[in-house]
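S.K.: Okay, predicted coordinates and the sequence, questions at the end:
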4 protein chains.
Amino acid sequence: MQIEIPTSPWKPAAERQRDRDAKRDAVLRTAARLFVENGFHRTKMADVAEHLHITKPALYHYFRNKEDILYACYMLGSEMIESLLAEVELNNSTGLDRAVAFLKAYTLNMTTDFGMCLVTVDDRDLATDSRRKVRTWKRSIDSRLRSCIAEGISDGSVRPVDPRIAAFLLAGSVNWVGQWFRESGPSSAEDIADAMADMARQALTARG
Amino acid sequence: MQIEIPTSPWKPAAERQRDRDAKRDAVLRTAARLFVENGFHRTKMADVAEHLHITKPALYHYFRNKEDILYACYMLGSEMIESLLAEVELNNSTGLDRAVAFLKAYTLNMTTDFGMCLVTVDDRDLATDSRRKVRTWKRSIDSRLRSCIAEGISDGSVRPVDPRIAAFLLAGSVNWVGQWFRESGPSSAEDIADAMADMARQALTARG
Amino acid sequence: MQIEIPTSPWKPAAERQRDRDAKRDAVLRTAARLFVENGFHRTKMADVAEHLHITKPALYHYFRNKEDILYACYMLGSEMIESLLAEVELNNSTGLDRAVAFLKAYTLNMTTDFGMCLVTVDDRDLATDSRRKVRTWKRSIDSRLRSCIAEGISDGSVRPVDPRIAAFLLAGSVNWVGQWFRESGPSSAEDIADAMADMARQALTARG
Amino acid sequence: MQIEIPTSPWKPAAERQRDRDAKRDAVLRTAARLFVENGFHRTKMADVAEHLHITKPALYHYFRNKEDILYACYMLGSEMIESLLAEVELNNSTGLDRAVAFLKAYTLNMTTDFGMCLVTVDDRDLATDSRRKVRTWKRSIDSRLRSCIAEGISDGSVRPVDPRIAAFLLAGSVNWVGQWFRESGPSSAEDIADAMADMARQALTARG
DNA sequence: CATGAATGAGCCTTCATTCAT
DNA sequence: GATGAATGAAGGCTCATTCAT
């Protein structure tokens, strides 16, 4: 005779934690989308809650306050980019290739909600502490692109340009993508990333 | 007998109007600066008033409401650009030259408070009516740059690219300038505009 | 044949009840301490739960609501005093002696958490019903002290004073003890109670 | 012919300021009363506003926040007492007289709303900064009473007691007055202050 | 015109309490 | 019984805007 094992009414702790994380994640995705769509200030906690079919206070189970949500969005966006950059910096030999690959990867990111969050919403909405962290990270991103360009100039792959200005201008193209890209638009994220890579290469390549 | 004309305590209408315009202008300049510096939502009417050493209600003598100020900032910025573009479109023969000149002029503009206002502050803060006007204008700017590029492809001065994406990417570089340019920084507005022109030319030039 | 009695996983009802009472008691002691330490409003149910290493809803197994806890604290405090007073009223002959003994006993009580609860936390935090009970009891305490004084005046042990005011003033000294007494302070509860008794006697004694 | 001087529509600045101060004062008096009557936490800003026939935000013209009002109440209460104490400390020769006069003056104060505020409402409702000031002041009051007693012991007017405990106990009688005194009650403020003085003198007097 | 004062509308956040598991 | 999650109700505060003088 086989013993019937009843399905326990208790979700295992692991699953419970997974639930919680999934919910937290849902809050984050919803919030990111609304922040990008409507702006941080115009997005009320009530909006976020409503979109998730929960009540306002429930949000506070997952985040301390509105700013905390924003900060988490930033963090997710930056982590996504970080991991791309690590790969880019390893797999490319010349400064030019690194810069181009960097910008392409960055562009792809900028077509996601969390990527857009990085530039669409204003880091001045963060408190001093998190703001400092975000700014430090942003500066580091910038300086890495600048380094690629500078190294490209050294190794002869990049024509002589002011690395600081060039990095800002190229990053500007990418950052701005978040302002106009729409999933439903005529160009795919890949198309745009390719175009960006192409343009950056044209703009930077050293010519005989 | 000569009639004696007493010096009236009332300034002549013309002068009065000039005064009023000057004050209105001061409000606008102050507001634009604060909007750019701190963001629209974080800038309170009280801040604007305080910076001008007047009281809050006084602002309402010159503008109907906060949004009205924002709209006026947009308008000023767009008019400045309009006039530049008109010149640009006349004085350049190839599509490439027009596009490059366009971007250079635009970049210079983007280092002024009103220019920055165009991109720094969010047009979703405007009511439906003015928002529509602003968006229409923005689209027109965009389509004009796109036209230059398309014409450049036709006349052989620009290499084959997707004009829509290219225009967005290049405009992005320029628009982003407002985010990092500081009067006190290491590069002058001219330097940046030149670098932008140089980069755009490299990125677009058709090569035998 | 002997029936084997398996050790049940269920504790016997008596022991269970004892457990429950012990836990209820622990809640009360913790709450009383926190109420005194931080005040009723600043003490959150979450705080109480956390201090007991249990969860918030668990508290509701022992008490209907927060107010119920407060009421129980009051009750415990008042019962402790009641029993002291009964003894005091029996074992002293003159009104003066009774009043002094009363105040001394009361003072000792005021150095315990439950005693302090009686005066530190606000009975307006109770609902009409319990509030009435508490107030009635407080008034009874007061009137008993007043009676001792009045009787003392009659029996010649107490000098002529307004019993109402005198009772209030003396009770005030005692009640206030909860505001400044600290276990770790320089004076022991006994010292303070003695000083209180001494002072009351000096203040009330009829002199030739 | 007499020149008719029209009554100016402009209130003179001085009167304007007086108006403001009067209103600020009204807020304070109303708030103090409600704080004493209902407790700080149970008093909503809306309550205060309603009692003054104004709206909630109007309160914020006179005070930064609720706590600020509480702090102002404390300050007013403490200033009233300060001025009394200064007089008391000058006009009495023996330590005993000073202590008694001190307690009498203090008692009178404790029958006013601002005086009651000092002890009725909880200084833990203040932020760290103002709380520190309030506590410092309270300690100073206490130490001054203690000094009177100690000096009284030295000059032979006060019998040997522990000055710390005695000061606390006597201050307790006074502080507690705020808890039971009612304007409409059977005893006047003067009666109570006299009774307090009488009792303190009896309690402290050194007897041959 | 200018000003001090006031207001209405709204938003973030807290917390005691309850529910589903 | 106990737990994590959720909720309803409410309160403090802000700020653009308007009024009375």
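M.R.: Yep, that arrived.
S.K.: Could you use CA atoms for every contact and neighbour count after this?
M.R.: Will do.
S.K.: And the residue of chain A that's closest to chain C?
M.R.: A:His61 (13.7 Å; Cα to the nearest Cα).
S.K.: Show me which helix or strand of chain A is least confident by mean pLDDT.
M.R.: helix A:13-38 (a mean of 88; mean pLDDT, DSSP states H and E).
S.K.: related to what we said a few turns ago, quick one, phi psi at the residue of chain A closest to chain C?
M.R.: phi -80, psi -20 (degrees, to the nearest 10).
S.K.: Repeat that for A:Val158.
M.R.: phi -110, psi 140.
S.K.: what is it paired to in the beta sheet?
M.R.: A:Thr205 (DSSP bridges).
S.K.: just to revisit the earlier point, now check the least confident helix or strand of chain A, is it near DNA strand E?
M.R.: No. Judged by Cα under 7 Å from any atom of the strand, helix A:13-38 makes no contact with DNA strand E; its nearest approach is 9.3 Å.
S.K.: who touches the following helix or strand past that helix?
M.R.: Per DSSP states H and E, the first helix or strand lying C-terminal to helix A:13-38 is helix A:45-51. Contacts with helix A:45-51, where a contact means Cα atoms under 8 Å, 6 or more residues apart in numbering or on different chains, come from A:27, A:30-31, A:34, A:55-56, A:58-59, A:66.
S.K.: Distance check, A:Arg207 against B:Gly208.
M.R.: 13 Å (Cα to Cα, to the nearest Å).
S.K.: My error: substitute A:Met75 in the last question.
M.R.: Relative to B:Gly208, and taking Cα to Cα, A:Met75 is found at 46 Å.
S.K.: For these two, indicate the residue with more neighbours.
M.R.: A:Met75 (19 against 5; other Cα atoms under 10 Å in any protein chain shown).
S.K.: rewinding a little: mind listing what's buried along the least confident helix or strand of chain A?
M.R.: A:24, A:27-38 (16 or more other Cα atoms under 10 Å in any protein chain shown).
S.K.: Against which helices or strands is it packed?
M.R.: helix A:45-51, helix A:66-90, helix A:113-120 (3 or more Cα pairs under 8 Å, 6 or more residues apart in numbering or on different chains; DSSP states H and E).
S.K.: How far off centre is it?
M.R.: A distance of 16 Å separates the centroid of the chain from that of helix A:13-38, by Cα atoms, centre = their mean, to the nearest Å.
S.K.: got it, and stretch A:69-88?
M.R.: The chain centre lies 5 Å from the centre of stretch A:69-88; the measure is Cα atoms, centre = their mean.
S.K.: List of residues touching that stretch?
M.R.: With contact meaning Cα under 8 Å, 6+ apart, stretch A:69-88 is reached by A:28, A:31-32, A:63, A:98, A:101-102, A:105-106, A:109, A:114-118, A:126, A:130, A:134, A:137.
S.K.: now check that stretch, is it near DNA strand E?
M.R.: No. Applying Cα under 7 Å from any atom of the strand, one finds stretch A:69-88 separated from DNA strand E by no less than 8.9 Å.
S.K.: which of the residues in that stretch are buried?
M.R.: Applying 16+ other Cα under 10 Å to stretch A:69-88 flags A:69-78, A:81, A:84-85, A:88 as buried.
S.K.: Can you tell me which of the residues you listed is closest to DNA strand F?
M.R.: Nearest to DNA strand F among these, counting by Cα to the nearest atom of the strand, is A:Ile69 at 15.0 Å.
S.K.: Any regions of chain A where pLDDT drops low?
M.R.: Across chain A, residues meeting the criterion (pLDDT under 70) sit at A:1-16.
S.K.: tell me which parts of chain A are close to DNA strand E?
M.R.: Counting by Cα under 7 Å from any atom of the strand, the residues of chain A that sit close to DNA strand E are A:9-11, A:41, A:43-46, A:56-57, A:60, A:64-67.
S.K.: Up against chain D, what does chain A have?
M.R.: Neighbours of chain D within chain A, by Cα under 8 Å from any Cα of the partner chain: none found.
S.K.: ok, back up a step: weed out the non-buried ones from the contacts of stretch A:69-88.
M.R.: A:28, A:31-32, A:63, A:98, A:101-102, A:105-106, A:109, A:114-118, A:126, A:130, A:134.
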